[in-house]
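Asker: sequence first, predicted model second:
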Amino acid sequence: MTLHDFLEEKEFVKSVHEALFNILSLLLKKNMSFSVITNTARVGFNPPLPEDIIKLFQKASVFELCGYTLSTARIEEDALRFEAGFGENNFASLVSVPIGAILQIFIDNSPLFINMAIEKSPTLPAVQKQRNEQSSYERSLQALLNNPENKKLLKN
């Protein structure tokens, strides 16, 4: 068995999820400020963030849980959930981070936990799926409309 095979092993992934759950629970119980680095593609926002804010996100995003955001944080249905404000207008949204989407936990810029588990086919939150589908549709439509021959067909 290779290292990669081990990191994908269901038993290992389950152990890492349990460790993440326990560490997050303890941090929340102790009311300790912390940051998480997440796989952005798996993070959900309710209500969805405006496109001008979403486009600023990278593949991995850092969320700092302190103050008000920390006071709203909880673990529900195998996800870390908290309220946060985004952008210059502090757009409010409920953030939902599946436990497996947490790549690292930091306290005072020092790593506390690094998630090495590899999930074979993690599901995207419904909000993220909708955004991806819209983007795919919009890209397809734009590609269709970029061809002058297709524009003629659509006018008929």
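Answerer: Received it, and whenever you're ready, just let me know what you need.
Asker: pretty sure residue 73 contacts residue 25?
Answerer: No: the pair residue 73 / residue 25 is not scored as a contact, 10.6 Å apart, by Cβ atoms under 8 Å. (Each C-beta comes from the backbone N, C-alpha and C, glycine too.)
Asker: in stretch 72-81, which residues are buried?
Answerer: For stretch 72-81, the neighbour count (16 or more other Cβ atoms under 10 Å) marks 73, 75, 79-81 as buried.
Asker: and if you look at stretch 80-97?
Answerer: Within stretch 80-97, the residues that qualify as buried by neighbour count (16+ other Cβ under 10 Å) are 80-82, 84, 86, 93, 95-97.
Asker: so of those, which ones are in strands?
Answerer: 80-82, 84, 86, 93, 95-97 (DSSP state E).
Asker: domain parsing of this structure, as residue ranges.
Answerer: According to automatic domain parsing, the chain comprises the domains 3-121, 124-156.
Asker: can you say which of these is packed in most?
Answerer: domain 3-121 (a mean of 15; mean count of other Cβ atoms under 10 Å).
Asker: chain center to that one, what's the gap?
Answerer: In terms of Cα atoms, centre = their mean, to the nearest Å, the centre of domain 3-121 is found 7 Å from the chain centre.
Asker: quick check: mean pLDDT of it?
Answerer: Mean per-residue pLDDT for domain 3-121: 94.
Asker: quick one, phi psi at the residue nearest the centre of the chain?
Answerer: The centre of the chain sits closest to residue 43, judged by Cα atoms, centre = their mean, with a distance of 2.2 Å. Dihedral pair for residue 43: phi -90, psi 130, per degrees, to the nearest 10.
Asker: how much space between it and residue 106?
Answerer: Applying Cβ to Cβ, to the nearest Å, the value for residue 43 to residue 106 is 17 Å.
Asker: repeat for residue 48
Answerer: 27 Å.
Asker: ok, now residue 45?
Answerer: Counting by Cβ to Cβ, the gap from residue 45 to residue 106 is 21 Å.
Asker: try residue 4
Answerer: Distance, residue 4 to residue 106, by Cβ to Cβ: 25 Å.
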